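**Student:** all I have is the shape, not the residue letters:
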């Protein structure tokens with residue numbers, strides 16, 4: 001069974017590599033790409049490192065954390081895929097980890113612990129993000145930055161302020177990773193509508209926490225008449241509460257690390273394909289936006305060689321979705337302003 005599983009994984013990697021090569025504009029020439037993961041020894045970082053090692057678009061993989069990274073790097077480096085792996089630990093090695101990176105993924109941060117308030121958690125993670133983004137501005141200012149560290153609704157604005165202060169801000173290259181919301185919406189919709197999950201697409205807009213997450217099931221494909229209005233309301237609520245569902249299932253001893261790592265890898269793959277010139281790459285992401293009156297907003301984004309090539313509009317919304325959009329704006333606005341205030345005051 002174990003041999004069969006390994007063969008299946010290797011076969012999937014080879015198929016993925018072959019498919020990309022067929023799509024390449026330069027027959028067989030895949031550009032060299034360095035990806036850095038900051039927080040690689042954590043609960044999200046470790047499975048994310050594994051998944052990026054499997055990605056045929058990654059040439060060099062730099063794994064960074066304050067401790068434990070050499071072991072993770074050694075472990076991952078034994079996997080028989082082409083990406084070269086290097087591990088870096090301590091702040092002194094952060095610059096070396098970042099130098100030459102095309103894409104930086106940030107899952108760094110701490111989970112909420114007993115006795116810790118949400119403000120405590122915010123201040124710790126916001127400080128980590130600010131420090132890492134300061135280093136990114138110095139060592140790889142042109143890299144695409146994929147922000148996973150929560151609260152994304154605040155950490156993306158923090159990153160933008162850090163880059164503005166350093167004179168390196170490019171709105172096209174900063175992304176809040178909201179792909180887990182899309183992954184959940186697809187999974188839940190497919191299960192309820194009884195359609196193949198591999199064929200499902202559901203845009204998710206707004207932000208990346210609670211009611212700011214707004215799945216647009218009216219635009220889901222394949223469309224179905226099998227779902228009632230009550231079903232749509234329930235699916236929306238479940239998508240918004242997906243993180244809590246996992247925390248409760250783990251009895252408070254963990255959060256959504258594996259599904260988040262998968263979602264992070266999916267979005268990173270899309271960014272790399274865009275950088276490599278693969279056409280028509282569209283994913284949802286929390287970016288600087290004029291889709292609403294808010295300065296940052298998650299919606300469908302077309303990716304390309306410069307990062308964001310186009311921020312797409314919301315499309316037609318149902319009455320339920322229109323109301324959800326209005327309901328989320330105040331909370332999302334507050335989270336954005338909280339991030340900007342933190343960056344300016346610290």
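**Tutor:** Thanks, I have it. Being a predicted model, the structure only gives us computed values, none of them experimental.
**Student:** all helices for the stretch 51-200 of the chain, in order.
**Tutor:** Secondary structure of the stretch 51-200 of the chain (DSSP state H, counting those that start in this stretch): helices located at 69-77, 94-98, 118-139, 152-166, 179-193.
**Student:** tell me which other helices or strands the shortest one touches.
**Tutor:** Using 3 or more Cβ pairs under 8 Å, 6 or more residues apart in numbering; DSSP states H and E as the contact definition, the elements that helix 94-98 packs against are strand 34-38, strand 60-65, strand 84-89, helix 118-139. Where you see a C-beta, it was placed from the backbone N, CA and C, and this is true even at glycine.
**Student:** go again with 6 Å.
**Tutor:** Where contact means 3 or more Cβ pairs under 6 Å, 6 or more residues apart in numbering; DSSP states H and E, helix 94-98 is packed against helix 118-139.
**Student:** turn the helices of the stretch 51-200 of the chain into a markdown table, including mean neighbour count, distance to residue 106 and mean pLDDT.
**Tutor:** What follows is the helices of the stretch 51-200 of the chain, written out as a markdown table (neighbours: other Cβ atoms under 10 Å; distance: least, Cβ to Cβ, whole Å; pLDDT from 0 to 100):
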| stretch | mean neighbour count | distance to residue 106 | mean pLDDT |
| --- | --- | --- | --- |
| helix 69-77 | 18 | 14 | 98 |
| helix 94-98 | 20 | 11 | 98 |
| helix 118-139 | 18 | 6 | 93 |
| helix 152-166 | 23 | 8 | 98 |
| helix 179-193 | 22 | 14 | 98 |
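**Student:** can you give me the pLDDT of residue 247?
**Tutor:** Reported pLDDT at residue 247 in the predicted model: 89.
**Student:** neighbours of it, how many?
**Tutor:** 17 (other Cβ atoms under 10 Å).
**Student:** so what's it closest to, chain neighbours aside?
**Tutor:** Closest residue in space to residue 247, ignoring its immediate chain neighbours: residue 255 at 5.4 Å, by Cβ to Cβ, 6 or more residues apart in numbering.
**Student:** hang on, isn't that neighbour packed against residue 248?
**Tutor:** No. Residue 255 is beyond contact range of residue 248, at 10.4 Å (criterion: Cβ atoms under 6 Å).
**Student:** tell me which of those two has more neighbours.
**Tutor:** Using other Cβ under 10 Å, the more surrounded residue of residue 255 and residue 248 is residue 255, with 18 against 10.
**Student:** any figure for the gap between that one and residue 42?
**Tutor:** Noted for residue 255: a distance of 11 Å to residue 42, by Cβ to Cβ, to the nearest Å.
**Student:** which residue ranges make up each domain of the protein?
**Tutor:** As given by automatic domain parsing, the domain ranges for the chain are 27-176, 179-345.
**Student:** by contact count, what packs against the longest helix seen in the chain?
**Tutor:** Longest helix in the chain, counting residues (DSSP state H): helix 319-345. Judged by 3+ Cβ pairs under 6 Å, 6+ apart, helix 319-345 is in contact with helix 152-166.
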